[in-house]
Structures are given as structure tokens and as C-alpha cells.
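Peer 1: predicted structure and sequence below. I'll ask about it afterward.
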Amino acid sequence: MSESRDPLGDLDSIAFLLERGHAPTHRVKAFRNAAAVLADLPEGELEARVTAGTLKELKGIGDTTATVVEESLAGTVPAYLRKLAAESPASVAPGGEAIRAALKGDLHSHSDWSDGGSPIEEMARTAADVIGHEYLVLTDHSPRLTVANGLSRERLLRQLDVVAEINERLAPFRLLTGIEVDILDDGSLDQDADLLARLDVVVASVHSKLKMDADSMTRRMVNAVANPHVDVLGHCTGRIVKRDPDGKRGGRGGRPESEFDAELVFAACARFDVAVEINSRPERLDPPKRLIAMAVEAGCRFSIDSDAHAPGQLDWQPHGCVRATEMGLSPDQIVNTWNLDTLLEWTRRRS
């Protein structure tokens with residue numbers, strides 16, 4: 001008889017592959033919730049229920065998840081896991097291998113403290129154990145983005161304590177403190193300056209009034225880039241090139257790019273040493289290649305980020321690595337190829 005596998009691990013692996021494949025949230029939750037239910041069972045109860053045929057009496061365990069558990073306990077790779085593994089794109093997309101191998105971290109990720117779907121520690125453990133990173137920056141949203149449950153000053157302060165506790169458990173991996181701070185209409189930032197100064201990494205992004213006229217948007221972005229607390233300019237055009245599987249982003253035909261003077265904005269990024277993010281989300285792929293070329297010409301640094309809202313989405317960075325390779329970038333132009341000490345020395349240069 002074959003040795004049993006780890007049913008919880010197989011459920012989590014299925015969820016990871018679904019997230020990486022941009023599956024609808026409800027499909028992913030079925031497997032993550034099932035794993036959470038089984039994790040709470042007393043020792044021996046799972047095996048007893050499988051033997052007795054009562055596994056599906058547990059709330060959150062359905063036909064598919066029960067089959068996965070039964071196959072896993074029987075020592076067989078679950079059929080659904082085999083199917084997803086066969087269908088899933090390679091984690092390192094062709095053409096971006098060298099840059100992906102050089103990446104040591106990810107500067108843009110979200111947890112269930114804002115609009116992500118998973119706890120902070122689950123995101124951090126996936127970055128360390130599955131993705132192989134040395135560090136991950138937690139960048140939940142700022143207060144004004146209420147639709148994304150943005151963090152008030154008080155909630156962000158509580159989060160800093162949580163991050164410190166997690167780092168005690170996960171060392172030498174490092175979860176860095178951060179925020180994706182909203183760029184307000186006048187270019188000011190949606191969080192108190194003293195709190196931004198405490199964070200390891202600040203990603204600044206435009207999320208509202210994306211159809212603002214080009215002159216106003218240019219002033220808005222340049223003012224933000226000039227702020228001494230900003231390290232990365234996030235998804236600079238705000239475009240959506242396709243809908244996500246839940247239909248929540250971009251409407252029927254996506255969302256067009258915001259209009260701004262890219263030469264001025266990227267000149268400001270170079271002047272103030274703010275990295276231009278190459279956002280790896282499949283529905284964003286922002287900025288477009290012509291703007292990456294302009295940022296290269298301006299002498300900008302870059303960060304290649306997943307903008308992950310779930311553990312499996314952390315494996316989206318190869319999308320950005322391919323685009324960086326196609327545009328002729330080398331690892332030394334990308335700040336998250338740096339080791340932790342070098343990265344933190346850079347982020348503390350102005351704040």
C-alpha cells in the first residue's frame with residue numbers, strides 16, 4: 001500500500017495553481033477553505049471520516065475536495081492536481097529566465113487586511129517556501145481606497161506589530177513593511193508622513209480620476225514622485241487590458257491608459273531615484289512596452305512586481321520578467337534583484 005500524501009498540502013497546491021492561472025475567486029476559496037477545515041480536525045479524525053465515508057458531512061467539504069483528500073490519503077497524486085499541473089503555464093515564462101533567476105524579492109503584494117484574499121503569514125510563507133524569495137513587501141492599500149478596505153493609520157500601526165511577529169518566525173526570510181499609497185488629486189499621499197517614514201518600502205499609485213486631463217495628471221504624478229517617502233511608482237497608466245475572471249476589473253473592454261506627459265514623469269523618476277514598476281498582473285501588464293522604452297531612455301530604475309492579492313499570484317512575476325527582457329533591461333537596472341541590505345539602503349536614501 002502506498003504511503004499517504006499530505007491532503008492539506010495537495011489542497012493548497014491546487015489553490016495555488018488556480019490562483020496562478022487567474023481562476024475565479026470562488027473556485028480557489030473552495031480548496032483553501034477545505035484545507036482550513038481539515039487543519040482544525042483532531043488528530044486521526046480525518047482518516048476515520050474517510051474510512052467511514054463521512055468526510056462530506058463536514059461543512060466546506062464537497063465532492064471535488066473530498067475526492068482530492070481521499071486520493072491523497074491513498075498515496076496517489078490527486079487527479080485534479082495532476083490536471084492543473086499539466087495545464088498550468090510554466091512558472092518561469094520563456095524569455096525571462098535570467099531576470100527571474102536574479103529576483104530576490106517582490107515589492108508589491110496585498111493581504112486580507114485590505115483587498116487580498118489570504119492572511120499575511122500565508123503570503124509571506126508562500127513567497128519564502130514556494131517562490132523562493134528572500135523578502136516580500138506587504139503593500140496593503142491606504143485609507144481613501146475604501147473599496148479595497150484601505151488601512152487607516154491605526155490599522156497600519158497594528159499591522160506593523162503583526163509583521164514584526166511574523167518575521168520572528170520566518171527568519172532569515174524577511175517580510176518588509178510597506179504600503180500602496182494612493183496618489184491624491186494634487187499629488188499628495190494618502191497617509192501621514194511620519195508613518196510613511198517608518199515603512200521599509202512605499203509604492204505610490206493612482207487609483208481614482210484616471211481620466212483626468214493630461215496636464216493635471218502629469219503634475220499629480222510628478223508631485224508624488226518628488227515626495228521623499230516614495231520608492232516605487234506603481235502601475236503608472238492604470239490600464240486594464242482584459243477583465244479578471246470575477247468580472248470586477250475594467251468592465252467589458254478593459255480600461256484605457258491615463259494620459260500624462262511620460263517624458264516628464266519618467267524624468268522625475270530618474271531625478272528623484274524612484275523606480276518605475278513593471279506590474280506583472282496579466283490584466284494590467286503596465287506600463288506598455290513603449291513607455292518602458294521611454295523610462296529606460298530616461299535612465300530610470302525598475303521594480304518587477306506581482307501585485308499579488310493571493311498566494312498563487314506571487315508567481316506572476318515572470319510576466320514582468322519577459323517584458324523586461326524584451327525591452328533589453330539587465331538585472332542591475334531592477335531594484336528587487338538587490339539583496340536586502342542594498343534594497344533597504346536605497347529605500348532609506350531620502351526619507
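Peer 2: Looks like it came in fine.
Peer 1: just the strands in the chain please.
Peer 2: 105-106, 135-138, 174-182, 201-205, 232-233, 275-279, 302-305 (DSSP state E).
Peer 1: to Asp12, which of these lies closest?
Peer 2: strand 135-138 (17.5 Å; Cβ to Cβ). (C-beta placed from N, C-alpha, C; glycine too.)
Peer 1: other SSEs contacting that closest one?
Peer 2: Other helices and strands packing on strand 135-138, by 3 or more Cβ pairs under 8 Å, 6 or more residues apart in numbering; DSSP states H and E, are strand 105-106, helix 120-126, strand 174-182.
Peer 1: I'd assumed Val137 was in contact with Ala124.
Peer 2: No. Taking contact to mean Cβ atoms under 8 Å, the distance of 10.4 Å between Ala124 and Val137 leaves them out of contact.
Peer 1: shared neighbours, these two?
Peer 2: Residues touching both Ala124 and Val137 comprise Leu175, with contact defined as Cβ atoms under 8 Å, 6 or more residues apart in numbering.
Peer 1: tabulate the strands of the chain in CSV, adding columns for mean pLDDT, mean neighbour count and distance to Ala30.
Peer 2: Written out in CSV, the entries for these read as follows (pLDDT from 0 to 100; neighbours: other Cβ atoms under 10 Å; distance: least, Cβ to Cβ, whole Å):
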stretch, mean pLDDT, mean neighbour count, distance to Ala30
strand 105-106, 98, 26, 26
strand 135-138, 98, 28, 26
strand 174-182, 98, 25, 27
strand 201-205, 98, 27, 31
strand 232-233, 98, 28, 34
strand 275-279, 98, 26, 28
strand 302-305, 98, 28, 28
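Peer 1: nearest to Gly150, out of the ones you listed?
Peer 2: Go through the strands of the chain one by one with Cβ to Cβ and the one that ends up closest to Gly150 is strand 174-182, at 7.4 Å.
Peer 1: export the closest one to PDB, keeping only CA atoms.
Peer 2: The C-alpha trace of strand 174-182 is given here as PDB (Å, rounded to 0.1, in the frame of the first residue of the first chain):
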ATOM      1  CA  ARG A 174      12.100  39.000   5.700                       C
ATOM      2  CA  LEU A 175       8.600  40.400   5.400                       C
ATOM      3  CA  LEU A 176       9.100  44.100   4.800                       C
ATOM      4  CA  THR A 177       6.700  46.800   5.900                       C
ATOM      5  CA  GLY A 178       5.100  48.800   3.200                       C
ATOM      6  CA  ILE A 179       2.000  50.400   1.600                       C
ATOM      7  CA  GLU A 180       0.500  51.000  -1.800                       C
ATOM      8  CA  VAL A 181      -0.400  54.600  -1.000                       C
ATOM      9  CA  ASP A 182      -3.000  56.400  -3.100                       C
END
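Peer 1: and it with strand 201-205, angle?
Peer 2: Using axes from the mean of the first three to the mean of the last three Cα atoms, to 10 degrees, the direction of strand 174-182 lies 30 degrees away from that of strand 201-205.
Peer 1: report the distance from stretch 99-116 to the chain centre.
Peer 2: 4 Å (Cα atoms, centre = their mean, to the nearest Å).
Peer 1: buried residues in that stretch?
Peer 2: Buried residues in stretch 99-116, defined by neighbour count with 16 or more other Cβ atoms under 10 Å: 99-100, 102-116.
Peer 1: for the residue nearest to Ala267 when sequence neighbours are not counted, the count of nearby residues, please.
Peer 2: What sits nearest to Ala267 in space, not counting adjacent residues and going by Cβ to Cβ, 6 or more residues apart in numbering, is Ala298, at 5.4 Å. When counting by other Cβ atoms under 10 Å, one arrives at 18 neighbours for Ala298.
Peer 1: ok, now Phe260?
Peer 2: Neighbour count for Phe260, taken as other Cβ under 10 Å: 23.
Peer 1: from what I can see it touches Met221, true?
Peer 2: Yes. The pair Phe260 / Met221 is scored as a contact, 5.9 Å apart, by Cβ under 8 Å.
Peer 1: what sits against the nearest residue to Leu18 once chain neighbours are set aside?
Peer 2: Nearest in space to Leu18, with sequence neighbours left out and distances taken as Cβ to Cβ, 6+ apart, is Val28 at 4.8 Å. Contacts here follow Cβ under 8 Å, 6+ apart; on that basis Val28 touches 15, 18-19, 117, 310, 312.
Peer 1: tell me how far Val28 lies from Ala66.
Peer 2: The spacing between Val28 and Ala66, counted by Cβ to Cβ, to the nearest Å, is 17 Å.
Peer 1: so what sits opposite the residue sitting nearest the centre point of the chain in the bridge?
Peer 2: Closest residue to the average C-alpha location of the chain: Ala308 at 1.9 Å, with Cα atoms, centre = their mean. Following DSSP bridges, Ala308 is listed with bridge partners Ser109.
Peer 1: that one and Arg284, how far apart?
Peer 2: As it turns out, when the distance is counted by Cβ to Cβ, Ala308 lies 12 Å from Arg284.
Peer 1: cool, Gln317 as well?
Peer 2: 13 Å.
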